[in-house]
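>>> I would like the atomic coordinates for the input below:
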Amino acid sequence: MRFLAGLFSFLTLAVLLAAAWFALRPPPMPRPEALTGPVTRIVVEKAARRMTVYVGDKAARVWPIALGFTPTGAKDRQGDGRTPEGRFRIDRRNAASAYHLSLGIDYPRPEDRQRARMAGVSPGGDIFFHGQPNGRPEGEVLAYDWTAGCIALSDAQIAELFAATPIGAEVEIRP
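Predicted structure coming up:
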């Protein structure tokens, strides 16, 4: 009889704990609605490793990012591993990218070419917003600065951005 009383007490306690856990757990985060686009502006804050995507004047998404392997400072030359800084525009789309999907920016601008010419170096180019390298396990995200100067997102994020961002969208990359 004692055994049954102990078992009943244990089961009662387990049920109460489970009910408390369900009652006190935080509510699930609602899934954001898909970007209804078009994306009008993208702001990258390099130091914060953060990107804000705007639809009209409204911040629609804030995502963590990875940058070039030498992220501090503005891009100076090809191979420096830096992400450029300044104001740009989306100027190309690549659905067959080696990094899931990609959106290119109009770097180098004329002033970047001039600066590089005066220094006797190549300004570099092919700066993109892109996903993870193709062939990586689904959902895996490299959690460090690893690009050659691009801005890397998760594959799900670049897919959403790619679908809603037109050629000509503004891009601002801040230090």
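
>>> pull up the pairing partners for the lengthiest strand in the chain, direction included.
Counting by DSSP state E, the longest strand found in the chain is strand 86-94. Applying DSSP bridges, strand 86-94 is found paired with strand 102-105 (antiparallel), strand 170-174 (antiparallel).

>>> so how far is the longest one from its chain's centroid?
Put plainly, it is strand 170-174. Relative to its chain's centre, strand 170-174 lies at 14 Å (C-alpha atoms, centre = their mean, to the nearest Å).

>>> buried ones in that strand?
Neighbour counts using 16 or more other C-beta atoms under 10 Å place Val171, Ile173 of strand 170-174 among the buried residues. Any C-beta I mention is one placed from the backbone N, CA and C, and that applies to glycine too.

>>> can you tell me what sits against that strand?
Strand 170-174 has contacts (C-beta atoms under 8 Å, 6 or more residues apart in numbering) with 40-47, 83-90, 105, 151.

>>> hang on, the earlier thing: can you redo the strands paired with strand 86-94 as CSV with distance to Ala60 and mean pLDDT?
Formatted as CSV, the strands paired with strand 86-94 follow (distance: least, C-beta to C-beta, whole Å; pLDDT from 0 to 100):
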stretch, distance to Ala60, mean pLDDT
strand 102-105, 16, 98
strand 170-174, 14, 98
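
>>> quick one, strands of the protein?
41-45, 50-55, 58-64, 86-94, 102-105, 128-130, 151-152, 170-174.
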